[in-house]
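Asker: Model the structure of this input:
(chains A, B, C and D)
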Number of protein chains: 2
Amino acid sequence: MKLTSKGRYAVMALADLARFDNLNPVSLRDISLRQGISLDYLEQIFSKLRKKEIVQSVRGTQGGYILSKKAKDIKLTNIFDAVDEKVKTVQCKKESKKGCNGKSTKCITHNLWDELENHINHFFEEKNLEDLIKENTERRI
Amino acid sequence: MKLTSKGRYAVMALADLARFDNLNPVSLRDISLRQGISLDYLEQIFSKLRKKEIVQSVRGTQGGYILSKKAKDIKLTNIFDAVDEKVKTVQCKKESKKGCNGKSTKCITHNLWDELENHINHFFEEKNLEDLIKENTERRI
DNA sequence: TATAAACCCGACTAAAATAGTCAAGTATCA
DNA sequence: TGATACTTGACTATTTTAGTCGGGTTTATA
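Answerer: Below is the predicted model:
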């Protein structure tokens, strides 16, 4: 079980953005340099973030991105959702009305994975961007 | 972020085993049929479980596997460990003494992933095989 | 008004991981 | 001695990931 780069990068980039967007839009080029993430890849990620209205774009020279809402109102859940970073534990759910193994009952461990998903999602639900940058600036090395 | 089949299968198979191993060893063939998991793949998984002393093998006809300890004493952590299903969130840790981005500091989100790992591992630490089959037989559909 | 900085978009691709399969054993019971 | 079941290691197809690439369009500013 691992987190993908897309999700990690999205959070890193937004945390960076949240720190620097006080007045002017922040360009992906700057984020790319500061965070060490490929510019092309960042564009893909921000395209998704924009569609889910987490950021707004400003085109043209001196353009870039700004947060659509306050950092406090952007939960990690929202971010992961936007970039399709989902917590997937069971295959079971896919198969329409049947149970997990093609049988008519839930598989032995079905409830376990459900609980796990909830457990993880709860973590993401409780954290927002503001928490993130606060914690970080306080505990900087 | 997703759980791999290896981890899911290991837990499913052990839950199955825990239910049926009262007296005799349980063959992988039976588990394969009941749980719908490829026999060859199960063999790989049980090889690992045996090396970590979670199960014991009984060779020959009427052979199979039995649990090495009581279901109650097998935590999910142990199972995941055995089959190399780890919770990986950060790349950061790999690079020896440097920080995350090749810089000398931790990346903005480093602490977040640490917390997440702990959060998930805590879940696995608290659950054991016995919990699993109890819950399940109680709530069977 | 030309130019450069930036966003925008879709197609493509290399590498890694996953989820197996396959083949050739060895041990044990009946 | 045959059948059942574990043991081991190598091989492989598929899928996912993590990008790259090549073309745009928009807009501030010199």
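Asker: Tell me where chain A has helices.
Answerer: Using DSSP state H, the helices of chain A run over residues A:5-20, A:28-35, A:39-51, A:76-82, A:110-126, A:129-138.
Asker: Give me the neighbour count for the residue in chain A that DNA strand D sits nearest to.
Answerer: Residue nearest to DNA strand D within chain A (C-beta to the nearest atom of the strand): A:Gly60, separated by 2.3 Å. Quick note: C-beta positions are derived from backbone N, CA and C, even for glycine. Neighbours of A:Gly60 under the rule other C-beta atoms under 10 Å in any protein chain shown: 7.
Asker: residues in contact with it?
Answerer: Counting by C-beta atoms under 8 Å, 6 or more residues apart in numbering or on different chains, A:Gly60 makes contact with nothing.
Asker: how close does it sit to A:Pro25?
Answerer: To A:Pro25, A:Gly60 is 10 Å away according to C-beta to C-beta, to the nearest Å.
Asker: For chain A, what lies in contact range of DNA strand C?
Answerer: A:2, A:25-29, A:40, A:43-44, A:46-47, A:50, A:57-65 (C-beta under 7 Å from any atom of the strand).
Asker: please redo it, this time with the cut-off set to 10 Å
Answerer: Residues of chain A found near DNA strand C (C-beta under 10 Å from any atom of the strand) are A:1-2, A:17, A:24-32, A:39-44, A:46-51, A:55-66, A:88, A:91.
Asker: Just the buried residues of those.
Answerer: The neighbour-count test (16 or more other C-beta atoms under 10 Å in any protein chain shown) marks A:1-2, A:17, A:25-28, A:31-32, A:42, A:46, A:48-49, A:55, A:64-66 as buried among the residues of chain A next to DNA strand C.
Asker: Does A:Ala13 touch A:Ile37 like I think?
Answerer: Yes - contact criterion C-beta atoms under 8 Å: A:Ala13 and A:Ile37 qualify, at 6.6 Å.
Asker: Need the overlap of contacts for these two.
Answerer: A:Ile31.
Asker: Neighbour count: those two, which is higher?
Answerer: Set side by side, A:Ala13 and A:Ile37 give different neighbour counts by other C-beta under 10 Å, the larger being at A:Ala13 (27 against 21).
Asker: Now that one. Nearest residue, chain neighbours left out?
Answerer: Take A:Ala13 and drop its neighbours on the chain: the residue closest to it by C-beta to C-beta, 6 or more residues apart in numbering or on different chains is A:Ile31, 5.2 Å away.
Asker: which residues touch the nearest residue to A:His119 once chain neighbours are set aside?
Answerer: Spatial nearest neighbour of A:His119, excluding adjacent residues (C-beta to C-beta, 6+ apart): B:Phe123 at 5.1 Å. Contacts for B:Phe123 (C-beta under 8 Å, 6+ apart) come out as A:Glu115, A:Leu116, A:His119, B:Leu76.
Asker: Now the first one: closest residue in space that isn't a chain neighbour?
Answerer: Using C-beta to C-beta, 6+ apart and skipping the chain neighbours, the partner closest in space to A:Glu115 is B:Phe123 (7.8 Å).
Asker: State the distance from the one you found to B:Leu49.
Answerer: For B:Phe123 relative to B:Leu49 (C-beta to C-beta), the value is 20 Å.
Asker: just A:Asn121 next, same as before
Answerer: Per C-beta to C-beta, A:Asn121 is found 29 Å from B:Leu49.
Asker: Next: A:Ile133.
Answerer: For A:Ile133, the distance to B:Leu49 equals 43 Å [C-beta to C-beta].
Asker: and if you look at A:Gln62?
Answerer: According to C-beta to C-beta, A:Gln62 stands 59 Å off from B:Leu49.
Asker: do the same with A:Val87
Answerer: From A:Val87 to B:Leu49 the distance is 25 Å (C-beta to C-beta).
Asker: tell me the angle the least confident helix or strand in chain A by mean pLDDT makes with helix B:110-126.
Answerer: Across the helices and strands of chain A, the lowest-confidence element by mean pLDDT, DSSP states H and E is helix A:129-138, at a mean of 83. Relative orientation of helix A:129-138 and helix B:110-126, computed by axes from the mean of the first three to the mean of the last three C-alpha atoms, to 10 degrees: 110 degrees.
Asker: List of residues touching helix A:129-138?
Answerer: Here helix A:129-138 makes contact (C-beta under 8 Å, 6+ apart) with A:11, A:14-15, A:18-19, A:67, A:70-72, A:74, A:76, A:79, B:108-109, B:111-112.
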